[in-house]
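Participant: sequence and predicted structure, then a few things I'm wondering about:
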Amino acid sequence: MKGVLFDLDGVIADTSVYHFQAWRKLIKIHFNLELPDELEKQTKGVSRTDSLKAILKFLNISVSQEKFNEMTTEKNNIFRNLLASLTPANILPGISELISALKKNNVKLSLASASLNGPFILEKLQLTDAFDAIADPSKVAAGKPAPDIFIAAAEAINLKPQDCVGIEDSIAGITAINKSGALSVGVGSKTDLKDAKLLFPKTAALNYDQIETAWEKFNLN
């Protein structure tokens, strides 16, 4: 295992909750409507554009391309305001320890997040220096569940996906990792992430030795 491709929201820090709060506020402002909890899963791990498309489809609302673009920009501004209070204390349990173990074993780290705010969030968490590269989601052809962002994240650290492990907490993300050729490591429930090659119930359970062993077995097949 030469590289680990990290998702951000729900893996490194629980910023996904802020995303849905921002969407809820945006929809309340523009349409005076409430978004149900179950819609959050459809917006998890996917791009801002795809999230808004899913929300508008659910609400059966059509908007012009101009208004659509304005709404994605406004949502991002709301989201960044919510992130203003983010600190290293918001790093999820077990992640700092895993990063230390990976660094000790000379494993490269690359960010494979759909969020355009990845660099900003890593800076707030004081993790920028821990990462060797950050894949730019604006430069990939398709978002998750397409594999593009994970392929780009591997390329950014001069590796093939097969040399890497991808860590995700979303269904779309696990699908993307599997399509890329990397070993998929899921964080969450068996029900949602049944396609993950290795699954941990929460970030605190992530274990370097188990991940390394799983990668070795995966590449023997």
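Facilitator: That came in fine, so what should we check first?
Participant: for the rest of this, base every contact and every neighbour count on C-alpha atoms.
Facilitator: Will do.
Participant: got the contact list for the residue nearest to Ser16 when sequence neighbours are not counted?
Facilitator: Counting by CA to CA, 6 or more residues apart in numbering, Ser16 lies nearest to Asp9, which is 5.1 Å off, once chain neighbours are set aside. Listed by CA atoms under 8 Å, 6 or more residues apart in numbering, the contact set of Asp9 reads Thr15, Ser16, Gly45, Ser113.
Participant: likewise Gly173?
Facilitator: Counted by CA under 8 Å, 6+ apart, Gly173 has contacts Asp7, Gly45, Lys144, Pro145.
Participant: kindly confirm my reading that it is in a helix.
Facilitator: Yes. With DSSP: H, G, I helix; E, B strand; the rest coil as the criterion, Gly173 is assigned to a helix.
Participant: next one: it from Asn81, what distance?
Facilitator: According to CA to CA, to the nearest Å, Gly173 stands 26 Å off from Asn81.
Participant: same deal with Ile151?
Facilitator: 31 Å.
Participant: related to what we said a few turns ago, any idea what the residue nearest to Ser16 is bridged to?
Facilitator: Beta-bridge partners of Asp9, counted by DSSP bridges, are Ala13.
Participant: got the contacts of Gly173 as TSV, with pLDDT columns?
Facilitator: Formatted as TSV, the contacts of Gly173 follow (pLDDT from 0 to 100):
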residue	pLDDT
Asp7	97
Gly45	72
Lys144	92
Pro145	94
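Participant: which of those sits closest to Ile157?
Facilitator: Ranked by distance to Ile157 (CA to CA), the contacts of Gly173 are led by Asp7 at 15.3 Å.
Participant: burial count for the closest one?
Facilitator: Residues lying near Asp7 (other CA atoms under 10 Å) number 25.
Participant: and it, what is it in contact with?
Facilitator: Neighbouring residues of Asp7 by CA under 8 Å, 6+ apart: Leu111, Ala112, Ser113, Gly166, Ile167, Glu168, Asp169, Gly173.
Participant: which residue is the nearest non-sequential neighbour of Ile167?
Facilitator: Among residues not flanking Ile167 along the chain, Val185 sits closest, at 4.8 Å (CA to CA, 6+ apart).
Participant: now do the buried residues in stretch 186-204.
Facilitator: By neighbour count on 16 or more other CA atoms under 10 Å, the buried set for stretch 186-204 is Gly186, Val187, Gly188, Leu193, Asp195, Ala196, Lys197, Leu198, Leu199, Phe200, Lys202, Thr203.
Participant: for stretch 54-64, same thing?
Facilitator: In terms of neighbour count (16+ other CA under 10 Å), stretch 54-64 has its buried residues at Ile55.
Participant: end to end on it, go ahead and measure it.
Facilitator: 15 Å.
Participant: average pLDDT for that stretch?
Facilitator: The average of the pLDDT scores along stretch 54-64 is 96.
Participant: identify the residues contacting that stretch?
Facilitator: By CA under 8 Å, 6+ apart, the residues outside stretch 54-64 that reach it are Leu39, Gln42, Thr43.
Participant: tell me which element the nearest residue to the first one once chain neighbours are set aside is part of?
Facilitator: In space, Leu39 comes closest to Ile55 once its chain neighbours are excluded; the distance is 7.6 Å by CA to CA, 6+ apart. Here Ile55 is covered by helix 48-59, with elements defined by DSSP states H and E.
Participant: picking up where we left off before, compare Ile151 and Asn81 (neighbour count), which wins?
Facilitator: Just comparing Ile151 and Asn81: by other CA under 10 Å the higher neighbour count belongs to Ile151, 25 against 13.
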